[in-house]
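Enquirer: sequence-free structure coming up:
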């Protein structure tokens, strides 16, 4: 059974390092249970899953909510895209997605098949990039999903470099979990593996330089993999994997139809790794945990400082900061060395951090992706926006909506499409359905979106002031105000508005009272969008 599941089970006290931070262990356990449940659990369900007291669960979720990692939605705790910053720190430090994903995406387009990149996670594999095809039968794995090595095409390639200790750990896990119940991303194993079968596949993969998956995960799924080697060590850095269905390719013909092009792409990837210099880390983040004291003062006993400090340490890593000393971590977070040291010891115990004794540095492991990344990696902008719109509507007591530009149906001008909304609690409120399309120029949402692309006087004014206000321009009695939502590059990708009856507030009151709340909502939405889109594609519709 992998360490992911072991952390939620009772652990003998002797197995936990004396200096480990118990609240941090419990908090990580809660995040993993939320992840395996798809992102949402009630406090009572968390209590049952973790074995923790309800009061402890409540304090942990309260702390995670204050950090922006969890949203308390009625009776449920729901992970938010902000939590992805932990996995983003690992992926940025790894650099492989940033360097290789463009070539993986191009190969997927060329072959019209799903292409993924995977790294080893002890005796399993974990995906770090996915380029999927939209078909009835398509790849359903997510970035961060953990799969048993022996049921995948990348697995034998990683296993070809295993030590005897690695093989021993794999055999122990297989004996303890013969049906792979500890791997929620795959169906339970129905038939036992043949004795020595995987060992033989690993030896064959070492000789061939590629490996096949012939319906090992489930019927119909076939794949071929080729290792991408680190030019400095010649060891496998990651594995490029092409996945198909037996309705399109048999496992036998993958070698003839897909393998040559996959090998050519891997050669390009290896040249990219060899020619790209190490990144300039720039100034490290400084004092990222300075807010914790204020949060403790605000929430009192409901805020667990040691949990917040521990999670903040993971964000000290990133591009150019793959290996950090204890001093580096303490300086980046603003924490005392003793506090940082205990958190790092805890993370080593949990398998989230690995220490390199020869360099006295620490680095994140792929297991960091188990903290919320898989269910969040498939989110969309409307899903991100929905709770923020509901919160805004409750604050201003008016209807709110999110919209994006879409190609016009008639060819006569740009249109917007409403993609998310929250309806006013008032008796008389604005109620425009999700999916509705309107001429962009006739709405405040559309004028904000057009201001990023057009050069008219009206667009210049909207762009300068940062909002658009329509005062009964589109419909008598309707007043709307909208602001832009920007992606990580600063490009306007959506707009959010408040719509109300003109009798409710004057135009001046809209600017004075609603605009600040609207901008706050856009900022919160952007924060989550930026975290979610760092290494994944977030659909706008």
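Expert: Good, I have the coordinates. Note that this is a predicted model, so its numbers are computed, not measured.
Enquirer: Measure how buried residue 480 is and give me the count.
Expert: Neighbours of residue 480 under the rule other Cβ atoms under 10 Å: 26. Glycine gets a C-beta too; all of them are placed from N, C-alpha and C.
Enquirer: after the helix or strand harbouring it comes which helix or strand?
Expert: Assigned by DSSP states H and E, residue 480 belongs to strand 478-486. Using DSSP H and E, the helix or strand that follows strand 478-486 in sequence is strand 492-501.
Enquirer: wait, what's in contact with residue 424?
Expert: Residue 424 is in contact with 393, 397, 398, 399, 430, 500, counting by Cβ atoms under 8 Å, 6 or more residues apart in numbering.
Enquirer: Counting neighbours, which of those comes out on top?
Expert: Busiest of the contacts of residue 424 [other Cβ under 10 Å] is residue 398, holding 28 neighbours.
Enquirer: from what I can see that residue touches residue 497, true?
Expert: No. Using Cβ atoms under 8 Å, residue 398 is not in contact with residue 497; the gap is 9.7 Å.
Enquirer: my read is residue 509 is in a helix, agree?
Expert: Yes. Under DSSP: H, G, I helix; E, B strand; the rest coil, residue 509 falls within a helix.
Enquirer: ok, which stretches of the stretch 201-350 of the chain are helices?
Expert: All helices of the stretch 201-350 of the chain, identified by DSSP state H, counting those that start in this stretch, fall at 251-257, 259-275, 292-299, 305-314, 326-333, 337-350.
Enquirer: Any idea how many residues pack against the residue nearest to residue 272 when sequence neighbours are not counted?
Expert: Using Cβ to Cβ, 6 or more residues apart in numbering and skipping the chain neighbours, the partner closest in space to residue 272 is residue 99 (5.4 Å). Counted with other Cβ under 10 Å, residues neighbouring residue 99 total 16.
Enquirer: roughly how far apart are residue 99 and residue 271?
Expert: According to Cβ to Cβ, to the nearest Å, residue 99 stands 11 Å off from residue 271.
Enquirer: swap in residue 452?
Expert: 37 Å.
Enquirer: These two: who's more crowded?
Expert: Each of residue 452 and residue 271 has its neighbours counted (other Cβ under 10 Å); residue 452 has more, 17 against 11.
Enquirer: thought the more buried one was touching residue 487?
Expert: No. Contact criterion Cβ under 8 Å: residue 452 and residue 487 do not qualify, at 10.9 Å.
Enquirer: ok and the strand holding residue 480 relative to strand 492-501, angle-wise?
Expert: 160 degrees (axes from the mean of the first three to the mean of the last three Cα atoms, to 10 degrees).
Enquirer: Sheet-wise, list the partners of strand 478-486 with their directions.
Expert: When sheet partners are counted by DSSP bridges, strand 478-486 sits next to strand 468-471 (antiparallel), strand 492-501 (antiparallel).
Enquirer: Out of those, which is the most enclosed?
Expert: strand 492-501 (a mean of 25; mean count of other Cβ atoms under 10 Å).
Enquirer: Report the rounded mean pLDDT for that one.
Expert: Taken as a whole, strand 492-501 carries a mean pLDDT of 95.
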